[in-house]
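Undergrad: this one's structure only:
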């Protein structure tokens, strides 16, 4: 595939839709390799075959980017977790880059290294100290020559701007996604203004990741775009939302839900929810569309399938998936065969199977 | 581990709790390797690393049995599916046995080969023909010397009895699980009577798998036990239910739900639901406790964790899991830290996040 | 109207459908005239215009029977309540009979006096004592020459049989309705057997009232009918269920719901639920169809409207009601006009408007 | 009661809390006297005893104002309805004033006559014509010397201003309540600006009625107050919201809900919801607190009971109501007795009893 030589910006500048990958920590928690609460990525060293397999599944599902499995992999965070005593952050970053690169090569995907918000920011608010943390992780990524860098999962735009400033000292393209609500970041800076600050700091791509559900996140990216338009600025748009429905969430996102993190099953989006999300994201002008926590391989495939006409091809994993339920056509029960059509799945309102449970919770920060 | 030399019957006779593995076809569908509607296991040949990884996750989660990935792998079923043209059932069975054995060896687990209901039964009702199908698949298993055999996913006890009769011509232990409701099999034979017939046919273990949710399935196994007790018969009890909640289901189980198979997310059980299930199963005298469709590795781990005191050990994957949410103790948000306790998760009624959806659906066969 | 001269048995023997009235205590509680917890009918003396008005509304809605407002009006019950100190049970019974008669005359309806279960039964189990209580209240009714008598709201068939035996010492027709579930009375006597005992004791009409929702109650009356059929007995069938939905209830009925009695609003049936109920009751051979707690005048009208074709006439209150929403045809909003049809209301699944509430509760006796 | 001589403004100026009455048309529809779709008040002439009784119930529940039953009683509206052919609007207005006055005298309440939005406004937008309609109905009210006038149920502030201008040509105090959402009137005029216009036109009291649920309506009145504060204007605040929960509603309010008007049962507020509403309204500085469609007598009583300490007295109907469920203390079931306390009812999340129904609907105008 020729496009495998093209950088992320070449692709986006050419108008391509770039499909991101899904969420690692929550999926690997379910598979037994990440400890909830800690959420640290030492499995890249300890259980490389498990990480490699999940990378492969996302690649097969259509991802054009493989993110290194390095979430929360700054030394200050690892120390707090206390989960990993004999493995350094540098070792994890190194192993994770190798795994991502190995799989990315198998399918012409790009490798992205990401930095996330730091405990130090909240504790010290010291720009020098916080920037040093970003620099250290970036250096690990640059040693392995990742293709581009992502600033992701930031609740404060100020800290994200610092991260962009650091990452832009490299020559790599930089994307920046905040985990904020339509009301703005934790200090109330509205999404439009956040986008302006990030782009002014040098971000090539801006958008939203994690914390809130797919359609809410698309809405917030729209607000970011409006802000950029008003300021006369331009940037590519990204969205990598939760794979959970969070209609009642506020600033702190799904972390404030009573179900976080061990009873979120009922909120998982279906592949059909993702079709709708991918379409809305595309309509909003977003061209880097992926997922975060809750996104499994079949959700990523649904992005690629929804936009197959625009992109001109289906992902490898579609060999095992009939579009809109077509695989049901040969089912033995007539009523199941009747479900082998788009209209059925688009209009289905799935029941929870939990008659003693409510449909909305009261977030902890309400 | 010494127990790795012990057969399934040795273990059960010794009063051990045997943890089964989880569901393969639905989980591999989500990972991109199985086609919904067809549900055939050709990935054992095509993508062995994906199947191996899932085996490993179940093993790591605590499974003492690795079932070969051979669901619906009879020639008549493969032919109908039309999904696999260049791979024979024998090839799949052979590859699947090797994968299961490889992983089982890594952790002292046993390998079980399973046969399931056939399209031929419904079409021809011809005992000779149907038994020949079972014999053929059994022979594939015996070539690879699996440790024991399972008759599973049968809606008609008559066909299951035929399967037991065939499998008992080998010297392997035989378990038999039906996918029936508390009301009985598709012909209305009640669970107690079903159990009696299966044991009389030679089954060493009997119980329920698939089709209905965990607590409902435990209830049906209890009815089977009552039937055996009344008849003065004895057998070990098994349960491998759905990992989905199905409060409204009838005879045909979750297949009749409007959400089957592409919108079942909302019905997925939590790990805490599984704690309750494992306890109820144990109390009911069931000692072979595993899962079927919808059971992911962390659900299997929850069985092993709930019964850790009785069994005397935790599974390997518990290194990445604090009991009852203990891993949250170091979370930055105080309200999340407050969730690091059993009482919180046992009493939580998780919200669906879908206020426009109902809590119960109308099954297709109602 | 000629039929006003006909007794209840003449009407039922002639194959007429008799429409009962609705619930008094709960409706008058909402209007401010009955005290919840006490549920005693002193308003018949204190606020006759309020009782008279509710009688008139039921009559206008189509009721062929006006029940005297004398619920729980035995001296032992009044004493326990402690609500009424200067009014005797005899005064209430007398005033209530006059009010019922006055309104019944206005529309050719019959007057029925009812006796209900006593605290004495639970406390003493003394047949003589309990029968004396029934006799006393019956004598009050006979002084006012009510048209027939009803034994209603009994959880134990034994006590109901005693009541029937007492009331049959008069020459009045006697109906007997229990407030039991499909599982039987509080001692586990199944509905069929209950019906047999009541008919053998002399009841002319038998059935179910209160405690459970309309369709459940019809189901229980069907079981009563099956019992009578098997025993070769005959009786007219009655049903006067709750106007609340109670899908999770057991023996003790809606009293065990957490919402009883001050938060039952969400469970109130719509007029369209009543159409379905009236049809099902009719199909089951029930010819005395009314309501109990929760039934308002418009619910009674819905019975009369559903069965208008069979009966040959509409009730007076239908002058203010278009069938199946026809009155909406001239609404200014087009989407409201689109609701002026039967199919719309029959298929509507009304939302609760309470996204933080569950759809089913856990009864206190579960 | 001395206060019966005091005008509405005297009372409000003295800091009294004035309790309004509840909804007439929907309640009388359920009782059989109003035709849904038409919603015209001819029953004031046809069935005066039914209207009088409902007036009395509201009075007894604590209402300090009895509104004349004259909703939609302008000639242009009556003509469109076509419901009343032999009764003129003037006759209805006259009879309704007499009924309201008769009952008001029984309890020291005031009589208010109300005018509502007209079909003519939407059709012609002709100020002269529309004002003539208001003038005509006002003249009917003045003939009967009502105590004050209310402009209510207006979706366009422009038309409401015209109404205020007309009514202010009398010497009566004038209140003006719009049925708008927090987003503003049908032309997008925000609540604060609406309030300013109404007060500038002469309204002595401003606020919200109908269309949306209690807490939403209190929120909108708060926005009105903010607008007045900013403009340096003062007026008394009123709120008379729906007695239905409408979490998903937009501009057109509950009329856009699929359940309107024949399946709103599930959305009816409990008395405990009203306690919370009354408290919030009071805290917001609102001193005229009543209800609109869906408010039954017991809801009005709940306003009076919640504010009993502030007002120094309970309403007459509290003789039949223990505060916070106290009447349950003598119930025979221990679990019902356990409900005789404030904490129980304040925290109860009532179940819908409808597991196949959603908790939120899609409004027709979404």
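TA: Structure received. Remember, predicted model here, so these are calculated numbers, not experimental data. Residues are numbered from 1 along each chain as shown, chains lettered A, B, ... in the order given.

Undergrad: Who are the contact partners of whichever residue of the stretch 151-300 of chain A sits closest to chain B?
TA: Nearest to chain B in the stretch 151-300 of chain A, going by CB to the nearest CB, is residue A:245, at a distance of 3.5 Å. Glycine gets a C-beta too; all of them are placed from N, C-alpha and C. Residue A:245 makes contact with A:213, A:267, A:269, A:273, B:352, B:353, B:354, according to CB atoms under 8 Å, 6 or more residues apart in numbering or on different chains.

Undergrad: cutoff 6 Å now
TA: For residue A:245, the contacting residues are A:213, A:267, B:353, by CB atoms under 6 Å, 6 or more residues apart in numbering or on different chains.

Undergrad: Low-confidence ranges, the stretch 51-200 of chain A, go.
TA: The stretch 51-200 of chain A contains residues with pLDDT under 70 at A:76, A:79-85.

Undergrad: Let me see the ranges of the strands in it.
TA: Per DSSP state E, counting those that start in this stretch, the stretch 51-200 of chain A carries strands over the ranges A:65-67, A:110-115, A:148-154, A:174-178.

Undergrad: Go through those strands and pick out the most buried.
TA: strand A:174-178 (a mean of 30; mean count of other CB atoms under 10 Å in any protein chain shown).

Undergrad: Give me the helices and strands touching that strand, please.
TA: strand A:148-154, helix A:157-167, strand A:205-209 (3 or more CB pairs under 6 Å, 6 or more residues apart in numbering or on different chains; DSSP states H and E).

Undergrad: Parallel or antiparallel, list what pairs with the last one.
TA: Put plainly, it is strand A:205-209. strand A:174-178 (parallel), strand A:236-240 (parallel) (DSSP bridges).

Undergrad: picking up where we left off before, between the contacts of residue A:245, which sits nearest chain D?
TA: Looking across the contacts of residue A:245 and measuring by CB to the nearest CB, the closest to chain D is residue B:353, at 11.3 Å.

Undergrad: what's the neighbour count on residue A:108?
TA: 14 (other CB atoms under 10 Å in any protein chain shown).

Undergrad: Please read the previous query as pertaining to residue A:155.
TA: Residue A:155, neighbours per other CB under 10 Å, totals 22.

Undergrad: need the residues of the stretch 101-250 of chain A near chain B, please.
TA: A:245, A:247 (CB under 6 Å from any CB of the partner chain).

Undergrad: Let's see that with 10 Å instead.
TA: Proximity of the stretch 101-250 of chain A to chain B, by CB under 10 Å from any CB of the partner chain, involves residues A:119, A:122, A:213, A:243, A:244, A:245, A:246, A:247, A:248, A:249.

Undergrad: Can you give me every residue that contacts the nearest residue in space to the fourth one that is not next to it in sequence?
TA: The shortest distance from residue A:243 to any residue other than its chain neighbours is 2.7 Å, reached at residue A:294 (CB to CB, 6 or more residues apart in numbering or on different chains). Contact analysis of residue A:294 by CB atoms under 10 Å, 6 or more residues apart in numbering or on different chains lists A:22-23, A:26-27, A:210, A:213-214, A:241-246, A:254, A:264-265, A:267-269, B:265.

Undergrad: What about the residues you listed, which are in helices?
TA: A:26, A:27, A:214 (DSSP state H).

Undergrad: who wins for most neighbours among those?
TA: residue A:214 (30 neighbours).

Undergrad: Which residue does the stretch 51-200 of chain A have closest to chain C?
TA: Nearest to chain C, among the residues of the stretch 51-200 of chain A, is residue A:181, at 18.7 Å (CB to the nearest CB).

Undergrad: what secondary structure does the residue nearest to that residue when sequence neighbours are not counted sit in?
TA: Counting by CB to CB, 6+ apart, residue A:181 lies nearest to residue A:251, which is 5.5 Å off, once chain neighbours are set aside. Following DSSP: H, G, I helix; E, B strand; the rest coil, we place residue A:251 in the coil state.

Undergrad: Report the contact partners of residue A:251.
TA: A:155, A:179-181, A:183-186, A:188, A:211-212, A:363, A:365.

Undergrad: Between those residues, which sits nearest residue A:303?
TA: Relative to residue A:303, the closest of those is residue A:212; by CB to CB it sits at 17.4 Å.

Undergrad: Next one, pLDDT for the closest one please.
TA: You'll see residue A:212 listed with a pLDDT of 96.

Undergrad: That one - how many residues pack around it?
TA: Neighbours of residue A:212 (other CB under 10 Å): 28.

Undergrad: So it sits against residue A:244, correct?
TA: Yes - here residue A:212 lies in contact with residue A:244, judged by CB atoms under 10 Å, at a distance of 8.9 Å.

Undergrad: in which helix or strand would I find the residue nearest in space to the middle of chain A?
TA: Residue closest to the mean C-alpha point of chain A, counted by CA atoms, centre = their mean, is residue A:292 at 3.2 Å. For residue A:292, there is no helix or strand it lies in under DSSP states H and E.

Undergrad: Enumerate every residue touching it.
TA: A:20-26, A:67, A:71, A:152-153, A:177, A:179, A:208-212, A:214, A:217, A:239-244.

Undergrad: how about 7 Å then?
TA: Applying CB atoms under 7 Å, 6 or more residues apart in numbering or on different chains to residue A:292 gives the contacts A:23, A:209, A:210, A:240, A:241, A:242.

Undergrad: number of nearby residues for the residue lying closest to it once chain neighbours are set aside?
TA: Excluding its sequence neighbours, the residue lying closest to residue A:292 (CB to CB, 6+ apart) is residue A:210, at 4.2 Å. Using other CB under 10 Å, residue A:210 has 25 neighbouring residues.

Undergrad: Residue A:210 contacts residue A:242, doesn't it?
TA: Yes - Residue A:210 is within contact range of residue A:242, at 6.1 Å (criterion: CB atoms under 7 Å).

Undergrad: list the residues that contact both of the two?
TA: A:292, A:293.

Undergrad: Which positions in the stretch 51-200 of chain A make contact with chain D?
TA: By the rule CB under 7 Å from any CB of the partner chain, no part of the stretch 51-200 of chain A lies against chain D.

Undergrad: give me the residue from the stretch 51-200 of chain A nearest chain B.
TA: For the stretch 51-200 of chain A, CB to the nearest CB, closest residue to chain B: residue A:53, 4.3 Å.

Undergrad: check contacts around that residue.
TA: B:49, B:50, B:53.

Undergrad: Check residue A:216 too.
TA: A:182, A:246.

Undergrad: Looks to me like it is in a helix.
TA: Yes - counting by three-state DSSP, residue A:216 falls inside a helix.

Undergrad: Tell me the spacing between the residue in the stretch 1-150 of chain A that chain D sits nearest to and residue D:363.
TA: The stretch 1-150 of chain A approaches chain D most closely through residue A:26 (26.5 Å), counting by CB to the nearest CB. Separation of residue A:26 from residue D:363 (CB to CB, to the nearest Å) stands at 34 Å.
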